[in-house]
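[1] Here is a sequence with its predicted model. Questions after.
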Amino acid sequence: MLDAIERFLRTCGAASGRGQYRSASEADAVVHSIRRAIASLIQAPSSQCIALFSNGTTACNAAIVGVVQNGDHVVTTAVEHNSVLRCLWHLKTMGRISLTIVDCDQSGTVDADSVINALTEKTRLVAVTSASNVTGAEQPIVEIGHKLGDHPAAFLCDAAQSFGYLPINVMQSRIDLLAAPGHKGGGGPQGTGFLYVAPSWHERIAPSVFGGTGSQSESLSMPHTMPMKLEPGNLNVPALAGWEAGLKAISKKGESSIAKHGARLAEQLHLGLRSIRGVRVFGQAGRLPIASIAVDELSPHDLAAILDAEYAIETRAGLHCAARIHEFLGSYPNGTLRISGGATTTSGEIDQAILAMQSLADM
């Protein structure tokens, strides 16, 4: 990834969609390659369905603001990240939408029927994350999509925790909008993200940010075609070049192999942590190598500081930008300590984290 970014900056450095010269064409090639790679990973029907953003949050916001209209009803869940909840809450407090937030259970999982039962004739959008960033609990995305059926509401999936880690098929899951950052399972640097827009929504989704696109400059309106209508301003092509390298590595390793590796790490992590007296593990082991814990008489932030200072283990403490789920986990207001792995994490590194926690528990 780093080599690809440096190579682009040293040998090209041009903007995409802003010229006919060689360097601009090279930048265009990077952008087109990224779109194709993302479309392939999520089984999208066309690379034109992929709009590029600076992160997953801006992609989620573009989906929400681009779809909902005044007077609409939106259904979401208590599991969501603030990238979705804060945008929806803002629209609600402005009086633009009505909002239903569906509860989750004590493991951090929502019930598909509860989501469907919240629908009304005015529901314009259903927003459900693919997996909790707190517990790693996968949500019943496929079931929700199938049960939505012919309801006119758009189905938005925040795939921040699953993109690159788990297989995604937007067509089979009836997903209309799918957003994710590039820097997590996507293998890219920070400052990258995307939004998938189903063909049926290409004309209906509205831009939320406006500016130059390098085309149709004679018009004071944004282009009406995807993905340009959602991409004003210059794209971060150096970062996209690095992301392109990361996506190639994912493709080479294979989604199935990555998913199996993540499931093994998750089981190892959960089993090891549950064996330690005084450690509470929230949720159950799934396919994502994430575990949220609490330790008796020690705040998550203090625990994170000790793990970093004494064992060079970097974790995250607190509410993780997803406060609502903690009310159902029983971890509000202090939150949890989240230990997570990735595609390059080894079993030995998971053992080191477990041993460190055991040492702290024995103190």
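    Sure thing, it's come through.

[2] burial count for the nearest residue to Gln43 once chain neighbours are set aside?
    Nearest residue to Gln43 in three dimensions, chain neighbours excluded: Asn169, at 4.2 Å (Cβ to Cβ, 6 or more residues apart in numbering). Where C-beta positions appear, they are placed from N, C-alpha and C, glycine not excepted. For Asn169, the neighbour count with other Cβ atoms under 10 Å is 14.

[3] Asn169 touches Leu41, doesn't it?
    No. Using Cβ atoms under 8 Å, Asn169 is not in contact with Leu41; the gap is 9.9 Å.

[4] Distance-wise, check the residue nearest to Gln43 relative to Ala179.
    As defined by Cβ to Cβ, to the nearest Å, Asn169 lies at a distance of 16 Å from Ala179.

[5] Now do the helices in this structure.
    For the chain, the helices identified by DSSP state H occupy 2-11, 22-41, 56-67, 82-93, 112-117, 141-148, 237-253, 255-274, 300-311, 323-329, 347-362, in order along the chain.

[6] Would you tell me which one of the ones you listed is buried the most?
    Ranked by mean neighbour count, these are led by helix 56-67 with a mean of 24 (mean count of other Cβ atoms under 10 Å).

[7] Can you tell me how far the residue nearest the centre of the chain is from Ala59?
    In the chain, the residue lying closest to the centroid (Cα atoms, centre = their mean) is Ala160, at 1.2 Å. Applying Cβ to Cβ, the value for Ala160 to Ala59 is 9 Å.

[8] Now list whatever residues contact both of these two.
    Applying Cβ atoms under 8 Å, 6 or more residues apart in numbering, one finds that Ala160 and Ala59 are jointly contacted by 179-181.

[9] now, which of these lie within strands?
    Here DSSP state E is the test, and the shared contacts of Ala160 and Ala59 give 179-181 as lying in strands.

[10] So the closest residue to His183 other than its chain neighbours versus His151, what's the distance?
    By the measure of Cβ to Cβ, 6+ apart, the closest residue to His183 outside its immediate chain neighbours is Gln190, 4.5 Å from it. When Cβ to Cβ is applied, the distance between Gln190 and His151 equals 36 Å.

[11] Break this protein down into its domains, please.
    Here the domain parsing of the chain from the TED database is 1-253, 255-362.

[12] Is it possible to get JSON lines of those domains that adds mean pLDDT?
    Written out in JSON lines, the entries for the domains of the chain read as follows (pLDDT from 0 to 100):
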{"stretch": "domain 1-253", "mean pLDDT": "97"}
{"stretch": "domain 255-362", "mean pLDDT": "96"}
